[in-house]
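K.L.:
What follows is a predicted protein model with its sequence.
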Amino acid sequence: MAPLKIKGQDFVDPSGRVVPLRGVNLGGWLVEEIWMTPVVREAPQGEGFSEVKDHTSLWNTVEKRLGHDAMIRVRTAWRDKWIQASDFKRIHDLGMNHVRLPFLASLLDEPGGMNWLKKAVGWAKQNGLYVVLDMHGTPGGQSGEHHTGEEGRNRLWFDVENITKTEEAWQKLAKEFRGEPTVAVYDLMNEPTGVPNPAMLALVYNRLIQAVRKVDPDKPVLIDDAYRGFETTPHANVAGWTQVAYSLHRYLFDAKSAEEHTERLKKDLPRIKELQGYRDAPVYIGEFNLEPHGNPQVLREYVQGLDGAGFSWALWTYKTVSPNGPMGQWGIFSNPGPKPALNPFKDSEAELIAKLDQVKTENLKMAPGLTDVFRK
């Protein structure tokens, strides 16, 4: 893999060739989002358990019932089966050139936790894919959303110790991957929507970028607009930051049709391109989907719109597994019919591990019509 750098509004390889990143998120693997995974959420009454809402409550429930060692074995089985080496080949064969890899900072505190990221990078390298390392959950949490690993925690901004821990986590990651060209970009914080104001966002990003640059002076980094609008993001050139791209996530949950997504994109593109010109940096659409109105032809048109604008992008998400069957096009792959849910309140260790076979992609089906959607 050739290392990528930022030159103006593009990612380029050492020859100067423009390399837009076109890919998909590996959601549900290292950050278990319960809404798109086959897990019983509701706790039985009178047994001392609480609802399973997120990564933390899922594994705390399993540990409370079955013990620490059993929890580790079940969690390892989840990770071993949700994403495998063959998945990276599937992604390459879809016409994509990278994966965005969500993970929690707490992964680095696990014994051998870094090895999961190293394994993913190795598989990506074998299949000609770049990796965007996406810290989906910071120490303390950056939004209070469930996908930070623990719903209701938004302490990054209000406890300097958490900011310091986030700096340290990124320095550890940068030390591990600074010489690895397969890791194309560091995505410093996913959707930091809990930030009190844009000034605080700029200050924390400045600390994180400076921390990374002490270890890795060259790797591109992403900063996120926190759904506050591209115009609220700091100007990297003014701040003295180097090798910075801007991440925007695009969902339209109030859309009445798939076509409304493309219409909104066409409407928004001139302003986004104008702001991109002011910042002279790449734009990366780090998450998007057309659900709840998935339509392969319109999705193809949407992707072509992003390509035409020169943006990099990563679809959310690679796969979903629901006890009730397919979830539209939220996942490129999903289970075509109902599946038995993992019940963290009732199932034995052996039952949980056995049920995890159903999440292997080989046991899922591609959503209809997506085979050629992502090819240029």
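P.N.:
Received, thanks.
K.L.:
right, and the helix or strand after the helix or strand harbouring Y246?
P.N.:
Assigned by DSSP states H and E, Y246 belongs to strand 244-250. Along the chain past strand 244-250, the next helix or strand (assigned with DSSP H and E) turns out to be helix 258-279.
K.L.:
any idea of the angle that following helix forms with strand 244-250?
P.N.:
Calculated by axes from the mean of the first three to the mean of the last three CA atoms, to 10 degrees, helix 258-279 forms an angle of 160 degrees with strand 244-250.
K.L.:
which outside residues touch helix 258-279?
P.N.:
Identification of contacts with helix 258-279 by CB atoms under 8 Å, 6 or more residues apart in numbering yields 9, 230-231, 233, 235-237, 246, 248, 250, 252, 255, 282-283, 290, 293-295, 298-299, 301-302, 305-306, 309. The C-beta positions use only the backbone N, C-alpha and C, and glycine is treated the same way.
K.L.:
tell me the phi and psi of the nearest residue to L107 once chain neighbours are set aside?
P.N.:
In this structure, L107 finds its nearest non-sequential neighbour in G113, 4.3 Å apart by CB to CB, 6 or more residues apart in numbering. The phi and psi torsions at G113 (degrees, to the nearest 10) take the values phi -60, psi -40.
K.L.:
Return the distance of G113 relative to K219.
P.N.:
As judged by CB to CB, to the nearest Å, G113 and K219 stand 20 Å apart.
K.L.:
higher neighbour count, the two?
P.N.:
For G113 and K219, the more surrounded residue by other CB atoms under 10 Å is K219, and the numbers stand at 25 against 15.
K.L.:
Nearest spatial neighbour of the residue nearest the centre of the chain, chain-adjacent residues omitted?
P.N.:
Relative to the mean C-alpha position of the chain, the nearest C-alpha, by CA atoms, centre = their mean, is the one of P102, at 3.6 Å. Leaving aside its chain neighbours, P102 sits nearest to H136 (3.8 Å; criterion: CB to CB, 6+ apart).
K.L.:
quick one: that neighbour is in a helix?
P.N.:
No. If the criterion is DSSP: H, G, I helix; E, B strand; the rest coil, then H136 is strand and not within a helix.
K.L.:
Could you list which residues are in contact with it?
P.N.:
Under the criterion of CB under 8 Å, 6+ apart, the neighbours of H136 are 31, 102-104, 147-149, 190.
K.L.:
which ones are touching the residue nearest to S57 when sequence neighbours are not counted?
P.N.:
Across the structure, with CB to CB, 6+ apart as the measure, the residue nearest S57 apart from its sequence neighbours is S50 (6.4 Å). Taking CB under 8 Å, 6+ apart as the definition of contact, the neighbours of S50 are 43, 57, 61.
K.L.:
Tell me how many other residues surround the last one.
P.N.:
Under the neighbour criterion other CB under 10 Å, T61 is assigned a count of 21.
K.L.:
Kindly report the same for the second one.
P.N.:
A total of 22 residues lie near S57 under the criterion other CB under 10 Å.
K.L.:
For it, give me its contacts.
P.N.:
Residues 50-51, 150-151 are the ones in contact with S57 under the rule CB under 8 Å, 6+ apart.
K.L.:
Count the neighbours of G277 for me.
P.N.:
The number of residues packed near G277 is 11, by other CB under 10 Å.
K.L.:
how near is it to G310?
P.N.:
11 Å.
K.L.:
Quickly list what's touching both of those two.
P.N.:
In the contact map built from CB under 8 Å, 6+ apart, the residues linked to both G277 and G310 are Q9.
K.L.:
Might you report the residue contacts of the nearest residue in space to K256 that is not next to it in sequence?
P.N.:
Closest residue in space to K256, ignoring its immediate chain neighbours: H293 at 7.7 Å, by CB to CB, 6+ apart. Contacts of H293 were listed using CB under 8 Å, 6+ apart, and they are 255-258, 260-261.
K.L.:
what about H293, distance to P220?
P.N.:
Counting by CB to CB, the separation of H293 from P220 is 33 Å.
K.L.:
can you check Q297 too?
P.N.:
With the distance defined as CB to CB, Q297 ends up 33 Å from P220.
K.L.:
Check the gap between the residue of the chain positioned farthest from its centre and N206 for me.
P.N.:
Ranked by distance from the centre of the chain (CA atoms, centre = their mean), the top residue is G46, with 36.0 Å. G46 sits 50 Å away from N206, taking CB to CB as the criterion.
K.L.:
before we move on, back to that, any of the contacts of S57 buried? List them.
P.N.:
Members of the contacts of S57 that pass the buried threshold by neighbour count (16 or more other CB atoms under 10 Å) are listed as 150-151.
K.L.:
nearest to W170, of the contacts of S57?
P.N.:
Of all the contacts of S57, W170 sits closest to E150, with 19.6 Å by CB to CB.
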